[in-house]
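Asker: Take this sequence and fold it.
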Amino acid sequence: MPEKVPKHLAVIMDGSRRWAKKNGVSTLEGHRAGYEKVKQLRQWCLDKGIAIITVFAFSAENWTRPKREIRYLLGLLKYALRKEVDEFNKYNIRLNVIGRVKEFPKGLQKEINLAIARTKNNTKILFNLALNYGGRAEIVDAVKEILQEKLPINKMTEAVLAKHLYEPALPDPDLIIRTSGEQRLSGFMLWESAYSELYFSKKYWPDFSKEDFDAALKDFSERTRNFGQ
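Answerer: As a prediction, the model looks like this:
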């Protein structure tokens, strides 16, 4: 029987800072190692035929980190957007971003929009970056839009709210992987994850291997999904 793979895989890439501490390197080097791992993840998903990937790259809570670390993260993001577009086009991958992008510096917003525009016609994989993203913030933003539309209260339904999420056409994640041993969502895709399967790896994100990825998919393949139970 062929392995069942998720159509939409979401990943909470946790543990880069702890990986750096464990290995006696700077926090910034930990983030760089995490970025290199994302590139590997992209190839693994290509090989498995996974159609949609969403990675939690920058949380709305990350603004509380030291300013030097934030500057590095935003610089690394800008670098990655410029460097990876050619690879995305080579492998027919479309880039999308969810989150409060307008709170980023104007230069970074420009790089994000340019990368999205340059990959918009690609069709093999949809690669979503969750940037300045929080699940509660997403729901709040959806409610604000609905209030602005002055929708009658008796017309308010789950389907209406879902249509006002950051990416309403995006199917809910089938599988969410979180690394580093933490077993929580930390605000990631709170609305969309209602019936997602969850898989927790003890590995820090930079140490997450192809074998770990395959183990997660094997575990998912062996599960019987029950919706509404």
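
Asker: Which helix in this structure has the most residues?
Answerer: In the chain, taking DSSP state H as the definition, the longest helix is helix 67-90.

Asker: Show me what that helix is packed against.
Answerer: helix 27-48, strand 52-59, strand 93-98, helix 106-118 (3 or more CB pairs under 8 Å, 6 or more residues apart in numbering; DSSP states H and E). (Each C-beta comes from the backbone N, C-alpha and C, glycine too.)

Asker: make it 10 Å
Answerer: helix 27-48, strand 52-59, strand 93-98, helix 106-118, strand 125-133 (3 or more CB pairs under 10 Å, 6 or more residues apart in numbering; DSSP states H and E).

Asker: So for residue 78, which of the ones you listed sits nearest?
Answerer: Residue 78 lies closest, by CB to CB, to one member of these: helix 106-118, at 5.1 Å.

Asker: gap between the closest one and the chain center?
Answerer: 17 Å (CA atoms, centre = their mean, to the nearest Å).

Asker: can you give me the angle that helix makes with helix 67-90?
Answerer: In terms of direction (axes from the mean of the first three to the mean of the last three CA atoms, to 10 degrees), helix 106-118 departs from helix 67-90 by 20 degrees.

Asker: burial of residue 103, as a residue count?
Answerer: Burial of residue 103 is recorded as 11 neighbouring residues (other CB atoms under 10 Å).

Asker: Find the nearest non-adjacent residue to it, please.
Answerer: With sequence-adjacent residues excluded and distances taken as CB to CB, 6 or more residues apart in numbering, residue 103 is closest to residue 132, at 5.4 Å.
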